[in-house]
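Enquirer: Predicted structure and sequence below. I'll ask about it afterward.
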Amino acid sequence: MLSTNTLQQFQTPCYIYDTELLARTLQAIRSELKAHDNYHVHYAIKANSNPQILQQIAAAGLGADCVSGGEIRAALAAGFPAKEIAFAGVGKADWEIQLALESGIGMFNVESFEELEVINQFATSMNLRARVSFRINPDVAAHTHSHITTGRAEDKFGIAKEDMLRAIRTAQQMPHIEFTGLHFHIGSQILDMKDFRQLCLCINDLQSNILDTAGIFAPNINVGGGLGIDYEEPNEHPVPDFKAYFDTFKQHLQLRDGQQLHFELGRAVVAQMGSLLTRVLYVKHGHQKQFVIVDAGMTELIRPALYGAVHQICNLSGEARMRAAADPHAEDKTMPVCEYDVVGPICESSDVFAKDIALPETFRGDFLVIRSAGAYGETMASQYNCRALPTAHFINKQP
């Protein structure tokens, strides 16, 4: 991380991105893919849509997973080939479907019969052929937060397993629709490989007992994303264990000859490369608690307020003081550690980054950094309270 002297040049709150770490992460993915020539990774743009980050990921050869027309435009502008774009989402607007068809994207991940009918209408009127995969709800509950679990029967996503065959047969009867495969996604921030194994077993069952029996071949199987990262100790695991992730599917998913396997990784690609830099406005000494009030809030990083997400928080200024005190020539070696709630300035009680955490004694003007914020941070920022959107700065830039 940058020195406190260097940090003085940044207007906080802002995001700091480490492009060297992103390069290492992308290289780790590419190294694993070399062992699996039928595996394809699409970067989930919803995790972070910063143009410079998108350009670096596109240059590494990954495809794109988009959930809006705006993301399709961002992907194309960053250099992702249209044929490597998958378009998901339960509520695709008419203009987004038209844009996707005009752009010649690789596939639509269709989530309902009603959506299929609308896509067919536009493809017919435009005299184009839409490539569609059906997102199937596998009814697999991932061991993660309920707000980011997407594969249960009660979730809004996908078509029920019981309706899969009817959906495929319906698509096969439409001359402007090409059935290209099946799509699944069970949730996000998944660290237990058993969840992905359970997904594999579900897909195996669907292929053996429904597709094979009906004589249907699905050219593509898309297992979504969901691989989590280490939020508590980011320095210990800056690059996720992609080998264990890909090996889980290699060991447990029974692909047919010629089938291509697709992944949609987002958080695992960009989360650790990003940090939110913020500055202490006040240290409020209450009767029962001490509050560190910073200039960043839920408008810059909503994850803690939205679903209680935990991020490591470091006081860079305090750590610098502690290092100075450790100098054998230093006169004052007493550097207390205190317990604080770290909160933002937004007029909401949920605008809290952490409660009861230990930090070096903290003062007004100190720089704090909130780690592992490269995913679902800047991209989810808002202007609530008429606040300005955060800026972004890049360090360790690649040549």
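Expert: Structure received. Keep in mind that this is a model prediction, so the values were computed, not measured.

Enquirer: which regions of this structure lie under the pLDDT threshold?
Expert: 1, 141-156, 328-334, 398-399 (pLDDT under 70).

Enquirer: residue contacts, the nearest residue to Ser208 once chain neighbours are set aside?
Expert: Nearest residue to Ser208 in three dimensions, chain neighbours excluded: Gln254, at 7.7 Å (CB to CB, 6 or more residues apart in numbering). For glycine as for every other residue, the C-beta is placed from the backbone atoms N, C-alpha and C. With CB atoms under 8 Å, 6 or more residues apart in numbering as the criterion, the residues that contact Gln254 are Cys200, Asn204, Gln207, Ser208.

Enquirer: For the third one, give me its contacts.
Expert: If I follow you right, that is Gln207. By CB under 8 Å, 6+ apart, the contact list for Gln207 reads Ala218, Gln254, Arg256.

Enquirer: Please produce TSV containing the residues you listed, extended by secondary structure and distance to Tyr282.
Expert: Converted to TSV, the contacts of Gln207 look like this (DSSP: H, G, I helix; E, B strand; the rest coil; distance: CB to CB, whole Å):
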residue	secondary structure	distance to Tyr282
Ala218	coil	58
Gln254	coil	59
Arg256	coil	62
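
Enquirer: now the helices for the stretch 201-350 of the chain?
Expert: 212-214, 242-252, 267-270, 303-307, 316-325 (DSSP state H, counting those that start in this stretch).

Enquirer: buried stuff in stretch 91-109?
Expert: 92, 96-101, 103, 105-109 (16 or more other CB atoms under 10 Å).

Enquirer: measure that stretch end to end?
Expert: Stretch 91-109 has an end-to-end distance of 11 Å (CA to CA, to the nearest Å).

Enquirer: repeat for stretch 371-385
Expert: 24 Å.

Enquirer: Pull out the buried residues from that stretch.
Expert: Arg371, Ser372, Ala373, Gly374, Ala375, Tyr376, Gly377, Glu378, Thr379, Met380, Ala381.

Enquirer: I'd like these laid out as CSV, including secondary structure and distance to Thr4.
Expert: Listed next are these as CSV, based on three-state DSSP; distance: CB to CB, whole Å:
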residue, secondary structure, distance to Thr4
Arg371, coil, 16
Ser372, coil, 21
Ala373, coil, 19
Gly374, coil, 22
Ala375, coil, 26
Tyr376, coil, 27
Gly377, coil, 22
Glu378, helix, 23
Thr379, helix, 28
Met380, helix, 28
Ala381, coil, 25
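
Enquirer: which one of the residues you listed is nearest Asp230?
Expert: Closest approach between the buried residues of stretch 371-385 and Asp230, by CB to CB: Ser372, at 7.7 Å.

Enquirer: tell me the contacts of the closest one?
Expert: Contacts of Ser372 (CB under 8 Å, 6+ apart): Ile229, Asp230, Tyr231, Pro234, Ala271, Gln272, Gly274, Ser275, His311, Gln312.

Enquirer: do that again at 10 Å, thanks
Expert: 229-234, 238, 267, 271-276, 303, 309-312 (CB atoms under 10 Å, 6 or more residues apart in numbering).

Enquirer: same question, Ala320
Expert: Applying CB under 10 Å, 6+ apart, we find Ala320 in contact with Ser3, Thr4, Asn5, Pro360, Asp366, Phe367.

Enquirer: What of Val41?
Expert: 26, 29-30, 32-33, 57, 60-63, 65, 84, 225, 242, 246, 261-265, 268-269.

Enquirer: And for Arg364, nearest residue in space, chain neighbours not counted?
Expert: Closest residue to Arg364 apart from its sequence neighbours, by CB to CB, 6+ apart: Val280 at 5.6 Å.

Enquirer: what does Leu316 give?
Expert: Phe367 (4.5 Å).

Enquirer: Now for that neighbour, how many residues are close by?
Expert: 23 (other CB atoms under 10 Å).

Enquirer: Among the helices of the stretch 201-350 of the chain, which comes closest to Cys386?
Expert: Closest among the helices of the stretch 201-350 of the chain, once you apply CB to CB, is helix 303-307, at 18.1 Å.

Enquirer: buried sites along the closest one?
Expert: Arg303, Pro304, Ala305.

Enquirer: Same question for stretch 206-216.
Expert: For stretch 206-216, burial by neighbour count (16+ other CB under 10 Å) applies to Leu206, Gln207, Leu211.

Enquirer: out of these, which one sits closest to Ala44?
Expert: Leu206 (23.2 Å).

Enquirer: Against Asp192, how distant is that closest one?
Expert: With distances taken as CB to CB, to the nearest Å, Leu206 is found 22 Å from Asp192.

Enquirer: what does Gly274 give?
Expert: 24 Å.

Enquirer: same thing with Pro13?
Expert: Taking CB to CB, one finds Pro13 at 33 Å from Asp192.

Enquirer: Show me which of these two is the more surrounded one.
Expert: Using other CB under 10 Å as the criterion, Pro13 and Asp192 rank with Pro13 on top: 25 against 12.

Enquirer: Run a quick neighbour tally on the nearest residue to that one once chain neighbours are set aside.
Expert: Counting by CB to CB, 6+ apart, Ala296 is the residue found nearest to Pro13 once chain neighbours are left out, at 3.5 Å. By the criterion of other CB under 10 Å, Ala296 has 27 neighbours.

Enquirer: same deal with Gly258?
Expert: 8.

Enquirer: Quick check, it in contact with Gly181.
Expert: No - at 11.4 Å, Gly258 does not count as touching Gly181 under the criterion of CB atoms under 10 Å.
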